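Chemist: Curious how this folds, go ahead:
(2 chains)
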Amino acid sequence: MADYLSRLSVRGLGVHYGRRCAVRNVSLEFSGPGITALVGPSGAGKSSLLLACAGLMGDVPGARVDGEVDPGDSGVGIVFQQPLAFPLSIAMNVGLALRERGRSATDVDARVALALQQAGLWTEVKDRLRESATRLSGGQLQRLCIARSLALAPSFLLLDEPCSSLDPMSAKVVENTLRELSGSIHIVIVTHNLAQARRLSNRMIVLWDTDGGGSQVLADGPTETMFREPPHELVKLYLDGQLG
Amino acid sequence: MRYLSLFSLGLFLLFAVSMLIPALRELPRALDAGYLLGVPEAMGRAGGIGPMLFSTLLINGLALVMTVGLGLPLALFLWERGDRVARHSLQRAVILAIDLLAGTPSIVFGLFGSIFFCRILGLGYSILAGAATLAVMTLPLFARLALDAMQASPAAYRPLARSLGLGRRTTALRILIPSVWQGLVAAVVLSWARATSEAAALLFTAGYATRWPESLLDSGRALPVHIFDLAMNVSGGDAMAQRAALVLLVLTTVFVVVCRKFMQGVAQWQIT
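Modeler: Numbering: from 1, shown residues only, chains lettered A, B, ... in the order given. Below you'll find the predicted structure:
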């Protein structure tokens, strides 16, 4: 759960790939329930920023991270763009991390059921939890990925374009799921879909590389305000669809 | 291109048929219990292949255990480093060494095994020395094939597993290996096939004795060595050589089927 004591702080964060600086000197703070949309043109470093917040840049070849990401005592979950199930049953996909942490079988089963309910997948899979997860549809798979992260009760859930590989109906189901979840955790979603960002988020961060030296936060504020009164000319052009 | 493919297929079928037809004549006698369990007589012109079959199963079984036992962790070690393998000179050197060793002629391994296992380690001509030599010979092949299978798995498994706080053992045993089990079966089967077909390496290491081995330090004649001996050194031994070759073929086929079924069962069990 993300109460107002849960805080994900990013201070002076920089991400470099070899000599190229993708993101520079980004300082942000996330707290409390809600949805933040992270937008910007392609190549602006949005996914890099998300991976850095999740502490996963070590897996990226050639990447180097400066600065500090401090999740405090809060858990951070991440859902990637391409939904990917482990070659395990539906229940085991969601419960594997809990078993790894030594939870009892009863506790694991209960938390798996809760996570699947939170992800809006329970009614569709409750009778086939022991079936292979690879048989799920794209939309179901993405909600399974969300459930997999939720099973660990994170305060923050980071999603990298979760609907980009889904058909419109599946995307709508995932959006509804995120909307419901945002009442209890903080969600940060990277998206190229500005309409989706406007529909879902209450806060918007625009990442932009203005001088070729790496992307920085160009704008950060309430989503509706950003669309009604863009704080920067570039933001206005971007939100109008004329740039990026 | 089509004609070239048909020509290649035709050549292969011609070769297979010309090899199999004389051997198939021996099939009923090859699968006779008396032949499979009996001891050779008259330098192998009569009797059975019991001790040789037993030695083959011992040598190859031990070699497989050593190959998979060492090769799987090696492949996992290289897979875990992911794309960083290309940047680290140690891992690059390991992969280069693997590729070079995989192409080394088996007789070179036989000489190595004779010097190192038989003489320096004092194992003498033995089942154990033969198995260890075969393991050294097939390890590069298995490790390379296993690594290739692992690298064909989704690259996102690693960051995904890390994001959930899964340990390396869980990631390897519960996620990676079940996802690439078919590639691992192919690696095991090809390694077994290479080991089973070996005569040169075993000539120098496992010995020539035709009796039942009483321990792993006892000498044992593997089937490929027996076939070689019958065909090259025993006049009138051709028919028995063909019969023994058929048994070897059946042994390999049975192994492949059993291996696939076993791994299929393990993969199914892993899902739940």
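Chemist: got a list of what B:Leu141 touches?
Modeler: Going by C-beta atoms under 8 Å, 6 or more residues apart in numbering or on different chains, B:Leu141 touches B:102, B:187, B:190-191, B:194. Any C-beta I mention is one placed from the backbone N, CA and C, and that applies to glycine too.
Chemist: Among these, which pair sits farthest apart?
Modeler: Greatest spatial distance among the contacts of B:Leu141 (C-beta to C-beta): B:Ala102 and B:Ala187, at 11.7 Å.
Chemist: Neighbour count: these two, which is higher?
Modeler: A direct count of neighbours by other C-beta atoms under 10 Å in any protein chain shown for B:Ala102 and B:Ala187 places B:Ala187 higher, at 27 against 17.
Chemist: Can you say which helix or strand has A:Val188 in it?
Modeler: strand A:186-190 (DSSP states H and E).
Chemist: Which residues does that strand contact?
Modeler: A:2, A:6, A:8, A:30-39, A:46-47, A:50, A:53, A:155-162, A:178, A:181, A:197, A:200-201.
Chemist: Of these, which belong to strands?
Modeler: Members of the contacts of strand A:186-190 lying in strands (criterion: DSSP state E): A:8, A:30-31, A:34-39, A:156-160.
Chemist: Residue 60: how many residues sit nearby?
Modeler: This is for chain A. Neighbour number of A:Val60 under other C-beta under 10 Å is 19.
Chemist: wait, chain B
Modeler: Other residues lying near B:Asn60 total 27 when counted by other C-beta under 10 Å.
Chemist: So it sits against B:Ser197, correct?
Modeler: No - contact criterion C-beta atoms under 8 Å: B:Asn60 and B:Ser197 do not qualify, at 10.3 Å.
Chemist: List the buried residues in the longest helix along chain B.
Modeler: Longest helix in chain B, counting residues (DSSP state H): helix B:238-271. Across helix B:238-271, burial judged by 16 or more other C-beta atoms under 10 Å in any protein chain shown covers B:240-249, B:251-252, B:255-256, B:259-260, B:263, B:267, B:270-271.
Chemist: How about stretch B:165-175?
Modeler: Quick answer for stretch B:165-175 (16+ other C-beta under 10 Å): B:166, B:170-172, B:174-175.
Chemist: residues making contact with that stretch?
Modeler: Outside stretch B:165-175, the residues that reach it (C-beta under 8 Å, 6+ apart) are A:86-88, A:92, A:96-97, A:100-101, A:152, B:76, B:80, B:157-158, B:161, B:270.
Chemist: Counting neighbours, which of those end up buried?
Modeler: Of the contacts of stretch B:165-175, these count as buried by 16+ other C-beta under 10 Å: A:86-88, A:92, A:96-97, A:100, A:152, B:76, B:157-158, B:161, B:270.
Chemist: Spatially, which two of those residues are the most separated?
Modeler: Taking C-beta to C-beta, no two of these sit farther apart than A:Leu152 and B:Leu76, at 25.0 Å.
Chemist: Leaving out sequence neighbours, find the closest residue to A:Ser74.
Modeler: Take A:Ser74 and drop its neighbours on the chain: the residue closest to it by C-beta to C-beta, 6 or more residues apart in numbering or on different chains is A:Ser155, 3.7 Å away.
Chemist: any idea how far that neighbour is from chain B?
Modeler: Distance from A:Ser155 to chain B, counting by C-beta to the nearest C-beta, to the nearest Å: 15 Å.
Chemist: give the contact list for B:Ala187.
Modeler: B:71, B:141-142, B:145-146, B:149.
Chemist: Specify the local secondary structure of the most centrally placed residue in chain B.
Modeler: Nearest to the mean C-alpha position of chain B, by C-alpha atoms, centre = their mean, lies B:Trp192 at 1.8 Å. When classified by DSSP: H, G, I helix; E, B strand; the rest coil, B:Trp192 comes out as helix.
Chemist: Enumerate the residues of chain A near chain B.
Modeler: By C-beta under 8 Å from any C-beta of the partner chain, the residues of chain A that approach chain B are A:51, A:54, A:56, A:59, A:61-62, A:77-78, A:80, A:82, A:84, A:86-89, A:92, A:96-97, A:100-101, A:130, A:132, A:148-149, A:152.
Chemist: can you pull out the helices in chain B?
Modeler: Under DSSP H, chain B gives helices at B:2-25, B:27-30, B:33-37, B:50-80, B:89-102, B:106-113, B:127-151, B:157-163, B:168-170, B:177-179, B:181-196, B:200-203, B:223-232, B:238-271.
Chemist: Counting by contacts, list what the last one packs against.
Modeler: For helix B:238-271, the packing partners by 3 or more C-beta pairs under 8 Å, 6 or more residues apart in numbering or on different chains; DSSP states H and E come out as helix B:2-25, helix B:27-30, helix B:50-80, helix B:177-179, helix B:181-196, helix B:223-232.
Chemist: Can you add mean pLDDT and give those back as a markdown table?
Modeler: As requested, these are exported to a markdown table (pLDDT from 0 to 100):
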| stretch | mean pLDDT |
| --- | --- |
| helix B:2-25 | 81 |
| helix B:27-30 | 79 |
| helix B:50-80 | 92 |
| helix B:177-179 | 88 |
| helix B:181-196 | 89 |
| helix B:223-232 | 91 |
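Chemist: May I see these organised as CSV, with distance to A:Ile205 added?
Modeler: Output for these, formatted as CSV (distance: least, C-beta to C-beta, whole Å):
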stretch, distance to A:Ile205
helix B:2-25, 57
helix B:27-30, 74
helix B:50-80, 34
helix B:177-179, 36
helix B:181-196, 42
helix B:223-232, 68
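Chemist: ok so, going back, between the ones in strands among the contacts of strand A:186-190, which is nearest A:Gly214?
Modeler: Nearest member of these to A:Gly214, counting by C-beta to C-beta, is A:Leu38, at 15.7 Å.
Chemist: what's the closest non-adjacent residue to B:Leu128?
Modeler: B:Leu216 (4.4 Å).
Chemist: what about the one you found, how many neighbours?
Modeler: For B:Leu216, using other C-beta under 10 Å, the count is 16.
Chemist: quick one, what contacts it?
Modeler: Contacts of B:Leu216 (C-beta under 8 Å, 6+ apart): B:58, B:62, B:126-128, B:131.
Chemist: Distance of it relative to B:His226?
Modeler: Here the distance between B:Leu216 and B:His226 works out to 19 Å (C-beta to C-beta, to the nearest Å).
Chemist: I'd like the buried residues of stretch B:165-175 as JSON lines, with pLDDT appended.
Modeler: Converted to JSON lines, the buried residues of stretch B:165-175 look like this (pLDDT from 0 to 100):
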{"residue": "B:Leu166", "pLDDT": "92"}
{"residue": "B:Thr170", "pLDDT": "91"}
{"residue": "B:Thr171", "pLDDT": "91"}
{"residue": "B:Ala172", "pLDDT": "90"}
{"residue": "B:Arg174", "pLDDT": "90"}
{"residue": "B:Ile175", "pLDDT": "91"}
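Chemist: Check the residues you listed and tell me the two furthest apart.
Modeler: B:Leu166 and B:Ala172 (9.8 Å).
Chemist: Return the residues in contact with residue 198.
Modeler: Defaulting to chain A. Contacts of A:Arg198 by C-beta under 8 Å, 6+ apart are A:223-224, A:227.
Chemist: Chain B was what I was after
Modeler: B:106, B:134, B:137, B:222, B:224.
Chemist: And for stretch B:65-85, what's in contact with it?
Modeler: Contacts of stretch B:65-85 (C-beta under 8 Å, 6+ apart): A:59, A:61, B:88, B:91-92, B:94-95, B:131-132, B:134-135, B:138-139, B:142-143, B:146-147, B:150-151, B:155, B:158, B:168, B:172, B:176, B:184, B:187-188, B:191, B:195.
Chemist: let's see 6 Å
Modeler: A:61, B:91, B:135, B:138-139, B:142-143, B:146-147, B:150, B:158, B:172, B:191 (C-beta atoms under 6 Å, 6 or more residues apart in numbering or on different chains).
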